[in-house]
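In: Sequence and predicted structure below; questions after.
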There are 2 protein chains.
Amino acid sequence: MVLEHAVLTVRSEEAAAFEEALAKARAVISAAVGFLSLTVRRGIESPDHYLLLIEWESLEDHTVGFRQSEAFVEWRGLIGPFFESPPIVDHYLPVAGLS
Amino acid sequence: MVLEHAVLTVRSEEAAAFEEALAKARAVISAAVGFLSLTVRRGIESPDHYLLLIEWESLEDHTVGFRQSEAFVEWRGLIGPFFESPPIVDHYLPVAGLS
């Protein structure tokens, strides 16, 4: 299991429209091969920051399978227009004995 | 429910000792008032980064209740010596319709 960790910065006046678009985009990414779950949170100290935590079966399910798919174009087309800056994305692994 | 999001940078040669200390520290934080859960992940692109996701009943349970307690001194005493730089901590809220 791999955790995709993405911080998105969204123009604050467009937060409601972004959240609506993300609800639609969730249906797109949820159908991807290897997708396990998506958690969305909004910043308290920085309300223009959204944290997306996406669990994948493997790193390649995200970086190759999903990113090179038509579904990625649809996903990014829905939410990308709201980004104020490029998203910051990295990946994490469980830690034995601490999961 | 509030999510505490912390990125810790740990000297890579001390990763194993840090993980052992964190297993002990988990028992300390787990007993705090308002603590709900702790998830630990290690970076793939940056293996010296550990992501801690801690769910609290309220923001104040973390920022006031825990941080001003003796348990925080114990928690930080266990894991703090492994930090290469100050931890980056912020907080997030669920988003209605996206949780």
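Out: Sure, I can see it.
In: Could you give the average pLDDT over stretch A:71-90?
Out: Averaged over stretch A:71-90, pLDDT sits at 97.
In: which parts of the longest helix anywhere in chain A are buried?
Out: In chain A, assigned by DSSP state H, the helix with the most residues is helix A:15-30. Burial within helix A:15-30, assessed by neighbour count using 16 or more other CB atoms under 10 Å in any protein chain shown, is assigned to A:15, A:18-19, A:21-22, A:25-26, A:28-29. Any C-beta I mention is one placed from the backbone N, CA and C, and that applies to glycine too.
In: ok, now stretch A:26-46?
Out: Of the residues in stretch A:26-46, those with enough neighbours to count as buried (16+ other CB under 10 Å) are A:26, A:28-29, A:32, A:34-35, A:38-44.
In: near chain B too, which of these?
Out: A:26, A:39-44 (CB under 8 Å from any CB of the partner chain).
In: quick one: which of those residues sit in helices?
Out: Per DSSP H, helices hold the following members of those: A:Arg26.
In: Let's have the ones next to chain B among the buried residues of stretch A:26-46 in TSV, adding pLDDT.
Out: TSV is the format used below for these (pLDDT from 0 to 100):
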residue	pLDDT
A:Arg26	97
A:Thr39	97
A:Val40	98
A:Arg41	98
A:Arg42	97
A:Gly43	98
A:Ile44	98
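In: from the ones next to chain B among the buried residues of stretch A:26-46, which single one is nearest A:Leu78?
Out: Out of those, the one with the shortest distance to A:Leu78 is A:Arg26. That distance is 9.5 Å, counting by CB to CB.
In: sorry, back to before: I'd like the buried residues of stretch A:26-46 as CSV, with distance to A:Phe82 appended.
Out: Formatted as CSV, these follow (distance: CB to CB, whole Å):
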residue, distance to A:Phe82
A:Arg26, 14
A:Val28, 15
A:Ile29, 16
A:Ala32, 21
A:Gly34, 25
A:Phe35, 21
A:Leu38, 17
A:Thr39, 19
A:Val40, 13
A:Arg41, 16
A:Arg42, 13
A:Gly43, 15
A:Ile44, 20
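In: Now the two most distant members of those.
Out: In the buried residues of stretch A:26-46, two members sit farther apart than any others by CB to CB. They are A:Gly34 and A:Ile44, at 31.2 Å.
In: who does A:Arg42 bridge with?
Out: A:Tyr50, B:Leu93 (DSSP bridges).
In: contacting residues for it?
Out: A:Arg42 makes contacts with A:15, A:49-51, B:92-95, as judged by CB atoms under 8 Å, 6 or more residues apart in numbering or on different chains.
In: and the closest residue to A:Phe82 other than its chain neighbours, what pLDDT?
Out: Residue nearest to A:Phe82 in three dimensions, not counting chain neighbours: A:Phe18, with 4.0 Å by CB to CB, 6 or more residues apart in numbering or on different chains. Per-residue confidence at A:Phe18 stands at 97 (pLDDT).
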